[in-house]
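Q: build me a model from this:
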Amino acid sequence: MRLAEVYSNDADVVLYHGDCLALLNQIPPSSVQLVVTSPPYNIGKSYEQKRILDEYLTEQAQVISRCVELLKDGGSICWEVGNHIVGSQEVLPLDIALYPIFASHDLKLRNRIIWHFEHGLHCSKRFSGRYETILWFTKGDRYVFNLDPVRVPQKYPGKKYFKGPKVGKYSSHPLGKNPGDLWIIPNVKHRHIEKTIHPCQFPVELVERLVLALTHEGDLVLDPYIGVGSTAVAALMHGRRAAGADIVGEYIEIAKQRVTLAAAGLLKTRPMNRPIYVPPKTSVLIRREGEVSPPSKKPGHTSSLNIQLPLGSSK
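A: Numbering: from 1, shown residues only. Got it, this is the predicted structure:
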């Protein structure tokens, strides 16, 4: 693997420490097949400075404009964002705020992908946020889309036609089904196998699906806000080249370590399409104060949660 700190056509991975526009200005126009990134959400996390929304959108417009120039005809941009919090917990969906910027460049929106995850901060005055969105745009109508590498297992793999000319034949695709636009992929929390010091890092499998579907081997994948390098890891694992920037030097150093391990086949990542972990079923046993009804300990029984209600209360 050839790793570089500034852009080079000969590099397999470019990890630039500094402002993303400085890297983008090094890359030749029409040389990128896929831009995939998750920009700062402007919500004041440790690695970003919260600014007036108009200033944030102006900065995003500059980066997006340059990305469009670098994109090949038929290339794709995938911009993953969450919500901007305005004032006292008012939510502004960033994908809605950013859409006009992409549309002004005549990009075509192909999907608004919902990335659902089951863990995160718990809200007390609104429903807890458990999804973010990926806006997938293409530059033109003749674009790359490889469905077969990203198919997922069929819900009913043995299903057959029950009437008509195909009666008795399998009705599902032998390689699996289209994953759709609702993706249930765990976010990288403290017990995730990929966890680093970055508070909001990409799961590699999320980027893998985009890389496999929207590029070919040898193509260049660009991430203007590469963080700890998950995009570069996903690209490298599947024979693509990658380039990205981050203003935090420590993140770039971690990204270098991760891509080096990935190139050697030693980086641990969560495999694509691994089923979501579901804890063993727990039965809830409710008893009144003073009642004795211990849960069964027999082998094979589900575990029980023993809840005691005070006298006079009702469920």
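
Q: for Val14, which non-adjacent residue is spatially closest?
A: Of all residues not flanking Val14 in the chain, Ala243 sits nearest, at 3.9 Å (Cβ to Cβ, 6 or more residues apart in numbering). Quick note: C-beta positions are derived from backbone N, CA and C, even for glycine.

Q: helix, strand or coil for that neighbour?
A: Secondary structure, DSSP: H, G, I helix; E, B strand; the rest coil: Ala243 is strand.

Q: what's the answer for Pro165, then?
A: Looking at Pro165 with three-state DSSP, the answer is coil.

Q: ok so, going back, in contact with the residue nearest to Val14, which residues are there?
A: Contact partners of Ala243, counting by Cβ atoms under 8 Å, 6 or more residues apart in numbering, are 7, 11, 13-16, 23, 27, 220-223, 232.

Q: how about the strands of the protein, start to end?
A: With DSSP state E, the ranges of strands along the chain come out as 3-4, 13-17, 32-37, 71-81, 83-86, 90-93, 108-116, 131-138, 182-184, 220-223, 241-246, 282-288, 303-309.

Q: and the first one, what other elements does it pack with?
A: In this structure, strand 3-4 packs against strand 13-17, helix 249-263, with contacts taken as 3 or more Cβ pairs under 8 Å, 6 or more residues apart in numbering; DSSP states H and E.

Q: deepest in the core, which of those is it.
A: Across the helices and strands packed on strand 3-4, averaging neighbours per residue (mean count of other Cβ atoms under 10 Å) puts strand 13-17 on top, at a mean of 24.

Q: next, the angle from that strand to helix 249-263.
A: Here the directions of strand 13-17 and helix 249-263 differ by 170 degrees (axes from the mean of the first three to the mean of the last three Cα atoms, to 10 degrees).

Q: ok, what's across the strand from the residue nearest to Val14?
A: Judged by DSSP bridges, the bridge partners of Ala243 are Val14, Leu222.

Q: domain parsing for the chain?
A: Annotated domains of the chain cover 3-263, 281-315 [automatic domain parsing].

Q: worst average pLDDT in the ones you listed?
A: Taking the mean pLDDT of each of those, the lowest value is held by domain 281-315, a mean of 51.

Q: still on that earlier bit, mind giving me JSON lines with the strands of the chain and columns for distance to Gly164?
A: As requested, these are arranged in JSON lines below (distance: least, Cβ to Cβ, whole Å):
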{"stretch": "strand 3-4", "distance to Gly164": "56"}
{"stretch": "strand 13-17", "distance to Gly164": "51"}
{"stretch": "strand 32-37", "distance to Gly164": "40"}
{"stretch": "strand 71-81", "distance to Gly164": "37"}
{"stretch": "strand 83-86", "distance to Gly164": "47"}
{"stretch": "strand 90-93", "distance to Gly164": "44"}
{"stretch": "strand 108-116", "distance to Gly164": "31"}
{"stretch": "strand 131-138", "distance to Gly164": "35"}
{"stretch": "strand 182-184", "distance to Gly164": "30"}
{"stretch": "strand 220-223", "distance to Gly164": "43"}
{"stretch": "strand 241-246", "distance to Gly164": "47"}
{"stretch": "strand 282-288", "distance to Gly164": "46"}
{"stretch": "strand 303-309", "distance to Gly164": "48"}
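
Q: that's all I had, so thanks and see you.
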